[in-house]
Each structure stands twice: as structure tokens, then as C-alpha cells.
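*Asks:* the sequence and its predicted three-dimensional model are supplied below.
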Amino acid sequence: MLRCGDVAWLHPMPTFEECKALYSEAYYTCRDSACPLSRIESQQLDYFGRRVRRISERLGRKPETLLDIGAANGLFVRAAQAQGIAAEGIELSTWACEKAKTEHGIDLLEGDLVRDNLSLRSHYDVVVMNHVLEHLVEPLAYLERIHSLLRPDGLLVIEIPQQFINPIDLLYRAARHQRPYSLASVHHPYFYTVSSILRLMTMSGFQAEHLVTWLPEQVFHLYRPLITRPLQAMLWFANRVARRGHIIEVFATPEQEASL
């Protein structure tokens, strides 16, 4: 991993084809055996339902249309549809698309937003990327494409991990604890901080309206209160003092070109 200022990335940078090959069945099923995906799906669905409502509050109205990029097994699309929103999802993984259909009754668009000619609406009220941006080798190209898909008064919602500098990662490093492969390990092409994600928003024509680095619901996989509550307090403090929580959530709007 290389770093220059507040930007860190893998070297050599993986190709798009190498990244795509990663998202097989093994990627979705190799979680810690103590916390399998099936164990937290109901909690994820509840969390996504609350997230949809928070998006509506930020937008100032219930969105009519929503696009979820990197929709995985379709849970977020399902949560949005349950609230009467015409929600669609794009997913690169064939395995994940099949799971979305068979387990949740959700038909996702299989493919890549930038490289494939997908059957999309001309504009959306909301575009969501839940832990997707950090997987992209060309993040600026995707954000520019999203900018063209959003209505002028639309909303981009991004959630990404803030790795290495958050209290949880610092504690692991201090204890010299070697963690096994996880969904937040070093397979991401890029590793973002608050300053680097804000700069990327500006470069792609977006204005960040709201940003936090601590979401209490994002510790739902730690189900033991004796562990969860101290972690939540520590992450809350890190967010308030230095915006160094383990999650970065951004709500952004497309900047409009000034009329001549």
C-alpha cells in the first residue's frame, strides 16, 4: 500500500477484471464463522429501512426513484421498495444477483455502471453507494456518471470505511493483533479519509451537504453489549473530536453550472 498525504492506494493497482473476479460466492460467504451473513441480514434490513427514512429527511421529501450501485444481495433495494420507492439496483456479481432474486425477490441489473450499457432511467432522485466507492479503481469516472444520472435537486449518498486511523484499527495495531480476511481488509484499491473524500466530491461536481464518521447502527455485527457499548462510545468521541470514526457517511448534491 502506498500513501501520499491523505490518499492511500494499493500498488500495483488491480485491474477492473481482477476486482470483478473477487466478487464470487466466496467473497460473500467467507465472513467470520461467529458472524455469518445470514445472522445479520435481518439487522441489516432494519438498518437499511432506517437509512431510507434518513435519506428522505435529507432530501426533504420521499424520493420517487432510487438507484443502488453495488446492490449485493438486494437488501437495500428491498428496504426502499418496501417504503413505496421505485428502487433499482446494479450489481457486478452474478452470484449476488442470483441471491437477490431467489432469496429476496429482487431483480437487479447485472453489470457495471461505467462499462456496460444498462437499462437505466434518465434521472434519479437518489443514488446510493453502500460500501462500494472504496472498491472502484476509477472512482472519478463513476461519480461523474452518477452526476449525469441525478436530478438537479437529487441526492448522492455514500458510505465507506475509514480504515487504519479509526480507534478500532488503532487498538488492533497496538495489540499487534493479526486479523483474518474480512470485508474491510486491504483488498480495496483506495482507502479514504474525510479530507480525501471531500476533495473527490468537489472534483466530480458534488457539494457535500452533511458528513459524519460514526453511525451507531454500524456496530450491529458486534452483538455483545459489553463490547458494543464501549466501542460505540469510543467511536462517538473520535467522530466528535477529529472525525476519525470507522465509517464515513456523506450526503452530497450535484453542483449546478452557473448560467451565463
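*Replies:* Received it, and whenever you're ready, just let me know what you need. Numbers count the residues shown, from 1 in each chain.
*Asks:* neighbouring contacts of stretch 150-162?
*Replies:* 55, 58-59, 63, 123-134, 143, 146, 184, 188, 192-194, 197, 206, 213, 215, 244-254, 256 (C-beta atoms under 8 Å, 6 or more residues apart in numbering). Every residue, glycine included, has its C-beta placed from N, CA and C.
*Asks:* list the buried ones in that stretch?
*Replies:* 150-151, 154-162 (16 or more other C-beta atoms under 10 Å).
*Asks:* which of these fall within helices?
*Replies:* Here DSSP state H is the test, and those give no hits in helices at all.
*Asks:* wait, which of the residues you listed is closest to residue 236?
*Replies:* Distance to residue 236 across the buried residues of stretch 150-162 (C-beta to C-beta) is lowest for residue 162, with 14.1 Å.
*Asks:* for the closest one, which non-adjacent residue is spatially closest?
*Replies:* Among residues not flanking residue 162 along the chain, residue 248 sits closest, at 5.0 Å (C-beta to C-beta, 6 or more residues apart in numbering).
*Asks:* now do the buried residues in the host helix or strand of residue 98.
*Replies:* Using DSSP states H and E, residue 98 falls within helix 94-104. By 16+ other C-beta under 10 Å, the buried positions in helix 94-104 come out as 95-97, 99-100, 104.
*Asks:* and of the residues you listed, the nearest to residue 235?
*Replies:* residue 96 (28.4 Å).
*Asks:* and the closest one, what is it in contact with?
*Replies:* 23, 28, 71-74, 108.
*Asks:* number of nearby residues for residue 21?
*Replies:* 11 (other C-beta atoms under 10 Å).
*Asks:* just residue 256 next, same as before
*Replies:* 10.
*Asks:* with adjacent residues omitted, what lies nearest to it?
*Replies:* residue 152 (6.0 Å).
*Asks:* most surrounded residue in the contacts of residue 96?
*Replies:* residue 71 (28 neighbours).
*Asks:* once you drop chain neighbours, what's closest to it?
*Replies:* residue 89 (2.9 Å).
*Asks:* picking that back up, in strands, which of the buried residues of stretch 150-162 appear?
*Replies:* Secondary structure from DSSP state E places 150-151, 154-161 of the buried residues of stretch 150-162 in strands.
*Asks:* just flag the most distant two among these.
*Replies:* 151 and 161 (28.5 Å).
*Asks:* pass me the low-pLDDT residue ranges in this structure, would you?
*Replies:* Residues of the chain meeting the criterion pLDDT under 70: 30-40, 179-185, 219-225, 257-260.
*Asks:* show me where it has helices.
*Replies:* 16-22, 25-29, 37-59, 75-82, 94-104, 139-149, 167-174, 194-203, 225-242.
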